[in-house]
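Peer 1: Need a 3D model of the following:
(2 chains, ligands or ions: 2)
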Amino acid sequence: MSGRFKIIIFKSDRTPRYSQVIKTVRSSLEKLGLNLDVEEVDVSKNPEAAVRSGVVSTPTIDIVGLNWRFIGLPTEDELMAILESVKEEERRGEEG
Amino acid sequence: MVKRGKSSSGFMAELKERIIAEARALEAPGERMLTGIRGFDELVRGGLFRGATYLLSGVSGAGKSIFCLEFLYRGATEYGEPGLYVSLEEHLDSILRNARNFRWNLKSLIDQQMLILLDLSVVAVGEKAMSLNTDAFTLDGLYATIETVVREGGIKRVVLDPVSVLFLQYGNVGVVRRELNVISGMLKRHGCTSIFVTETEYGKPSITRFGVEEFMADGVFLLYWEPEGDKRSRYIEIYKMRGSPHYEGKKRLAITDNGIVILY
Ligand SMILES: Nc1ncnc2c1ncn2[C@@H]1O[C@H](COP(=O)(O)OP(=O)(O)OP(=O)(O)O)[C@@H](O)[C@H]1O
Ligand SMILES: [Mg+2]
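Peer 2: Ligands and ions are numbered 1, 2, ... in the order given. Below you'll find the model as predicted:
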């Protein structure tokens, strides 16, 4: 599925607890039964992406389509609360 | 706790590079560069050291942003050095408004890529809604952005205004300080002379707001905006200048329609 929503995770070669970031994102999606693309961008290797997106720190997680940005590692609850509204919008999209 | 592994080895490599850069700086007598701000280069006995990072500190309205803008303006117009202004707060508009008062033609400098203005305010990135969780982070987005622009634009002068906002937003003073050190090391490797701005609060004894930023800089300059009777006066003081004698004490400073001038 490639809807209008996706997740971009900005990282770098020094981002602390990165495995935790990925795990939180994946498990939140799984728990909500959401099938979103998850793109990982390494700003050390692809600095232009940081310039374009105005990313200051890593990790940064963008919920594209919802215009939401997490700076730092959110808790699973925080992430799920936001992803709930993605799910809600997708449901509405399917109905409408 | 610091976790060992890939992330820390990246940091170690960074650290090593920085130490090598510092050692090289020890061998070579520092090359000076003139700011072009009237009266300032004399205060530090011949200008700033190329590749060094300086802190400019003062209360709101003290003239920090004007000082920085003039540092870049003089660099571009009098010394042919391209400059980068990174705004970490939403102040780019008001900074440009200041320039209009001075009748400095920033527009043409921007067109010629002698001046690059970057708005990187965390709070207003593309008007996104956002949440902050800042237990563990790096400032590698800022690092990557600055390095890209510096490399591609042949930038020689860099301003970060104000870095104090990073301490406020990210909370973890130790990590922000470490990250700014890493950025400062990168700027040194690229031969950029840099000014990091910190805003202080009225009536606080600490020189810089968080009491720690002054340790990482090659020099610290203080701007004062002090009540005197029913008026206020502007002063500047060179608080620290590694590797150089400097004027000791405060000097009067004026903001004129042609920028800053250090008086008596
Ligand atoms: N053309 C001018 N002539 C004289 N004074 C001016 C002129 N333009 C601005 N100023 C003075 O400079 C002040 C603003 O300076 P500046 O924006 O550099 O302060 P700042 O230290 O960066 O403050 P902040 O921390 O709020 O960003 C104004 O409040 C005004 O007093
Ligand atoms: Mg300012």
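Peer 1: What's the nearest residue in the stretch 151-264 of chain B when you look at chain A?
Peer 2: B:Tyr170 (7.2 Å; CB to the nearest CB). Just so you know, the C-beta spots here come from the backbone N, C-alpha and C atoms, and that holds for glycine as well.
Peer 1: ok, that residue touching B:Thr134?
Peer 2: Yes - counting by CB atoms under 8 Å, B:Tyr170 does reach B:Thr134; the two are 4.5 Å apart.
Peer 1: Which one of these two is surrounded by more residues?
Peer 2: Taking neighbours as other CB atoms under 10 Å in any protein chain shown, B:Tyr170 and B:Thr134 compare with B:Tyr170 leading, 21 against 15.
Peer 1: Backbone torsions only: list them for that one.
Peer 2: The phi and psi values for B:Tyr170, taken as degrees, to the nearest 10, are phi -90, psi -10.
Peer 1: Spit out the contact partners of it.
Peer 2: Listed by CB atoms under 8 Å, 6 or more residues apart in numbering or on different chains, the contact set of B:Tyr170 reads A:57, B:132, B:134, B:137, B:176.
Peer 1: check contacts around A:Leu36.
Peer 2: Contacts for A:Leu36 (CB under 8 Å, 6+ apart) come out as A:1, A:3, A:5-7, A:29, A:86.
Peer 1: picking that back up, most widely separated two among the contacts of B:Tyr170?
Peer 2: With CB to CB as the measure, no two of those lie farther apart than B:Leu132 and B:Val176, at 13.2 Å.
Peer 1: and B:Met186, what helix or strand is that in?
Peer 2: For B:Met186, the element it lies in under DSSP states H and E is helix B:173-189.
Peer 1: who does the helix or strand just after that helix touch, helix- and strand-wise?
Peer 2: Next in sequence after helix B:173-189, counting helices and strands by DSSP H and E, comes strand B:193-199. Applying 3 or more CB pairs under 8 Å, 6 or more residues apart in numbering or on different chains; DSSP states H and E, one finds that strand B:193-199 makes contact with strand B:53-58, helix B:64-78, strand B:157-161, helix B:164-170, helix B:173-189.
Peer 1: which stretch among those comes nearest A:Glu95?
Peer 2: helix B:164-170 (39.5 Å).
Peer 1: what's next to stretch B:230-250, contact-wise?
Peer 2: Outside stretch B:230-250, the residues that touch it by CB under 8 Å, 6+ apart are B:30, B:40, B:42-46, B:49, B:52, B:62-63, B:207, B:214, B:217-226, B:251-255, B:262.
Peer 1: Which ones among the residues you listed also lie next to ligand 1?
Peer 2: B:62-63, B:255 (CB under 6 Å from any ligand atom).
Peer 1: How much space separates the residue in chain A that ligand 1 sits nearest to from B:Leu168?
Peer 2: Minimum separation of chain A from ligand 1 (CB to the nearest ligand atom) falls at A:Val56, amounting to 18.7 Å. Applying CB to CB, to the nearest Å, the value for A:Val56 to B:Leu168 is 13 Å.
Peer 1: Look at the two and report which has more neighbours.
Peer 2: A:Val56 (27 against 14).
Peer 1: Wait, the more buried one touches B:Thr138, no?
Peer 2: No - shown here, A:Val56 and B:Thr138 do not form a contact pair, counting by CB under 8 Å, at 9.9 Å.
Peer 1: re the thing from before, quick one: the contacts of B:Tyr170 as a markdown table, columns for pLDDT too.
Peer 2: Shown next, in a markdown table, are these (pLDDT from 0 to 100):
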| residue | pLDDT |
| --- | --- |
| A:Ser57 | 95 |
| B:Leu132 | 79 |
| B:Thr134 | 81 |
| B:Phe137 | 93 |
| B:Val176 | 91 |
